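In: Just to be clear, the model below is a prediction. Sequence and coordinates:
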Amino acid sequence: MSDLNKTTGKSRIAGYIRVSTNEQADKYGPTIQKNKIKDFIKSKEKGKGWVFDEKLLYVDDGYSGTLKSRPALDRLMRDMRNKKIDVVVVMKIDRLYRSTLGLLEVVKEMGDHEVGFISIDENLDTAISESAPMMERAQKEMMITLFGMLAQFERSLIISRTTEGKLAAAREGCYVGGNVPMGYDVKDKKLIINRGEEKWIRKIFAWFVSQNYTRGEIARKLTELKVAANIGKKLGGKRKVNPTTFWEVKYITTILRRTHYTGVYHYNKKGKDKDGKIVEKPRSEWIDFTCPPIIDNFTFKKAQVKLDSQKKQSNNKKTQYLLTGKIECAKCGAMFTAYTSSKKTKNYRCGKSSKLKTTQVCKVPHISENIIAEPVWEIVKMILQKPTSVLNKMERELKKESYYQALLDDKGILENRRVQLKNERQRVKEAFRRGVFTIDDLEEQISEIEKEGAEILEQLEGINSQLTVEEDKGEKIASLKEMAKKYRNNLTEPSYEDKYDLLQQIVKRILYDGTNVQIELRVPKTIRTELNSKNKLKPLLGGATRIRTGE
């Protein structure tokens with residue numbers, strides 16, 4: 001190393017400062033570190049001729065000490081290699097690195113370029129002259145290794161304590177999942193439903209599963225409506241003050257995949273392997289939780305089938321199946337999955353038909369798309385022979401069955417009563433303070449008020465759920481109008497894509513047990529009788545066939 005005991009005043013002393021996002025400002029803040037480095041350099045002004053230079057301060061604000069690449073550190077190393085620095089000073093050794101390997105590599109490279117390294121708090125100084133004894137050099141290197149190991153041990157200890165603390169809290173039933181899913185808040189360390197966000201979660205699933213919106217269309221619709229994209233939040237369940245209203249497709253996918261919305265979720269489900277890759281842990285290590293459900297299991301299951309199918313289609317864009325996510329096993333309740341056989345024919349099979357996926361193998365046979373999809377298409381085509389009149393009839397029936405305004409009226413009455421109960425509670429307390437009521441009277445009155453309040457809250461939850469259904473009817477009406485407009489002219493030779501679009505819109509689900517078929521369609525009850533008398537599935541499948549309305 002170069003001789004740094006100069007008296008010429010030409011030594012170039014660099015100061016390196018690092019602050020991570022979660023560290024205390026009063027302990028490791030940039031100003032604290034800067035002042036300490038500045039005072040240290042000035043203390044060497046007379047003896048070594050060192051001068052503090054603001055231009056030689058390198059500051060990484062908001063970066064972890066485990067990161068190998070940091071903007072200011074990278075710049076410092078470049079300047080060092082270009083021989084612009086003689087000594088690097090830090091307040092504390094872990095400001096430079098928290099890992100032993102990273103620290104040793106950097107300090108070794110500094111030595112190779114004849115640049116000294118000084119850590120003020122640990123009194124560590126490698127800035128020694130060329131004439132320093134070999135023993136002194138060995139002692140310096142041993143100190144570097146020791147302090148680096150301590151820094152790494154401290155980091156590992158923090159991680160270990162944090163992880164163990166979270167696992168302990170999770171085992172006690174506390175929510176420690178980090179991001180809180182949209183549709184929920186955290187209260188008393190438990191997930192509770194956020195009523196303002198709940199309706200959007202219901203809409204997203206309804207648009208995707210029932211109305212065949214693509215994830216891109218859902219994202220655009222939510223963006224147009226300026227819905228806050230509260231996909232996840234931290235800090236004890238607090239939302240961002242100004243969340244973005246721009247929705248990306250990945251946000252929609254995240255929501256559609258969350259099991260929380262069915263009332264079940266898992267903690268400690270995933271971790272990192274030895275290569276740092278995120279992998280799923282053994283089932284025995286998962287910690288299971290329950291929370292208030294927002295979506296029913298059937299809807300969630302259909303969403304997963306559709307997402308899985310779309311994932312496969314993205315890998316092979318030529319493959320598309322007319323009844324994706326529509327066929328359900330009448331025996332075991334599993335959804336059918338689509339696949340292409342070795343003979344290049346499209347088929348559907350029960351999701352529990354393979355020993356690889358379940359311990360209870362379902363015996364319902366596979367079925368070809370030609371056998372089940374084409375006859376269903378004939379029924380849909382029959383419905384749409386006069387698309388405008390049929391769809392208008394469906395629209396009228398939906399409107400006739402709508403109770404939206406009545407539900408709103410009931411909701412208003414209940415909310416007014418909640419306000420009245422709140423005022424009554426306050427009046428009872430004031431009467432007690434004036435001596436009108438005894439403590440027993442007070443407790444009895446408060447108990448009655450709370451009981452009625454709980455009943456009202458339960459009724460409101462039911463009304464909010466029904467309102468979501470009614471709003472979905474409005475969306476269906478708009479969708480039906482678009483369909484009538486699109487297919488008004490010709491249905492005699494539709495493309496495969498047109499068939500897919502119409503079947504996904506009209507067919508709600510198909511129950512199949514290997515022989516009998518039950519088709520649920522989104523059509524008025526008035527059309528059902530005629531369809532049952534004319535349907536063509538019975539001779540093809542050989543069993544009983546029934547058509548129901550899915551509304």
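Out: Now that the structure is in, tell me what you want to look at.

In: List the residues that contact K302.
Out: Going by C-beta atoms under 8 Å, 6 or more residues apart in numbering, K302 touches V209, G325, M335, R509. Any C-beta I mention is one placed from the backbone N, CA and C, and that applies to glycine too.

In: Using just helix, strand and coil, how would you label it?
Out: Per DSSP: H, G, I helix; E, B strand; the rest coil, the secondary structure class of K302 is helix.

In: From the contacts of K302, pick the one nearest S43.
Out: V209 (70.4 Å; C-beta to C-beta).

In: Hmm, K306 and that closest one touching each other?
Out: Yes: counting by C-beta atoms under 8 Å, V209 touches K306, with 6.8 Å between them.

In: what residues do the two have in common as contacts?
Out: What both V209 and K306 touch, as defined by C-beta under 8 Å, 6+ apart, is the set G325.

In: which of the two has more neighbours?
Out: V209 (23 against 20; other C-beta atoms under 10 Å).

In: who touches the closest residue to G351 other than its chain neighbours in this structure?
Out: Nearest residue to G351 in three dimensions, chain neighbours excluded: A334, at 3.9 Å (C-beta to C-beta, 6 or more residues apart in numbering). Under the criterion of C-beta under 8 Å, 6+ apart, the neighbours of A334 are E328, C350, G351, K352, C362.

In: Can you pull out the low-pLDDT segments for the stretch 51-200 of the chain?
Out: For the stretch 51-200 of the chain, the stretches with pLDDT under 70 are 100-101, 127-173, 176-178.

In: same check, this time on the stretch 251-400 of the chain
Out: Ranges of the stretch 251-400 of the chain meeting pLDDT under 70: 274-276, 312-319, 354-360, 385-400.

In: Can you tell me which of the contacts of K302 is closest to I85?
Out: Ranked by distance to I85 (C-beta to C-beta), those are led by V209 at 61.7 Å.

In: does that closest one sit in a helix, a strand or a coil?
Out: Assigned with three-state DSSP, V209 falls in the helix class.

In: any idea how far Q310 is from it?
Out: 12 Å (C-beta to C-beta, to the nearest Å).

In: Now stretch 48-56: buried residues?
Out: For stretch 48-56, the neighbour count (16 or more other C-beta atoms under 10 Å) marks K48, W50, F52, L56 as buried.

In: Out of those, which sit inside helices?
Out: K48 (DSSP state H).

In: Same list, the buried residues of stretch 48-56, but as JSON lines with distance to L442 please.
Out: JSON lines is the format used below for those (distance: C-beta to C-beta, whole Å):
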{"residue": "K48", "distance to L442": "78"}
{"residue": "W50", "distance to L442": "75"}
{"residue": "F52", "distance to L442": "70"}
{"residue": "L56", "distance to L442": "71"}
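
In: returning to that earlier point: helices - which of the contacts of K302 land there?
Out: Here DSSP H is the test, and the contacts of K302 give no hits in helices at all.

In: Kindly present those residues as a markdown table, with separate columns for distance to E378.
Out: Formatted as a markdown table, these follow (distance: C-beta to C-beta, whole Å):
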| residue | distance to E378 |
| --- | --- |
| V209 | 24 |
| G325 | 21 |
| M335 | 24 |
| R509 | 18 |
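
In: Could you list which of the residues you listed belong to strands?
Out: R509 (DSSP state E).

In: can you pick the most crowded of the contacts of K302?
Out: G325 leads those on contacts (other C-beta under 10 Å) with 26 neighbours.

In: hang on, that one packs against M335?
Out: Yes: judged on C-beta under 8 Å, G325 makes contact with M335 at a distance of 6.8 Å.

In: overlap in contacts of these two?
Out: Joint contacts of G325 and M335 (C-beta under 8 Å, 6+ apart) are K302, V305.

In: Give me the nearest residue to T126, chain neighbours excluded.
Out: In space, T126 is closest to F117, 4.7 Å off (C-beta to C-beta, 6+ apart).

In: gap between that neighbour and R12?
Out: For F117, the distance to R12 - C-beta to C-beta - is 14 Å.

In: Spatially nearest residue to T262, not counting backbone neighbours?
Out: F300 (4.9 Å).

In: Could you list which residues are in contact with the closest residue in space to V249 that isn't next to it in sequence?
Out: Leaving aside its sequence neighbours, V249 sits nearest to R215 (C-beta to C-beta, 6+ apart; 4.8 Å). By C-beta under 8 Å, 6+ apart, R215 lies in contact with F208, V249, I252, T253, L256.

In: could those go into JSON lines alongside secondary structure, neighbour count and distance to L191?
Out: Converted to JSON lines, the contacts of R215 look like this (DSSP: H, G, I helix; E, B strand; the rest coil; neighbours: other C-beta atoms under 10 Å; distance: C-beta to C-beta, whole Å):
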{"residue": "F208", "secondary structure": "helix", "neighbour count": "24", "distance to L191": "22"}
{"residue": "V249", "secondary structure": "helix", "neighbour count": "14", "distance to L191": "25"}
{"residue": "I252", "secondary structure": "helix", "neighbour count": "23", "distance to L191": "21"}
{"residue": "T253", "secondary structure": "helix", "neighbour count": "16", "distance to L191": "21"}
{"residue": "L256", "secondary structure": "helix", "neighbour count": "21", "distance to L191": "18"}
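
In: Can you convert these into a markdown table and add a column each for distance to G435?
Out: Formatted as a markdown table, the contacts of R215 follow (distance: C-beta to C-beta, whole Å):
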| residue | distance to G435 |
| --- | --- |
| F208 | 61 |
| V249 | 65 |
| I252 | 60 |
| T253 | 62 |
| L256 | 59 |
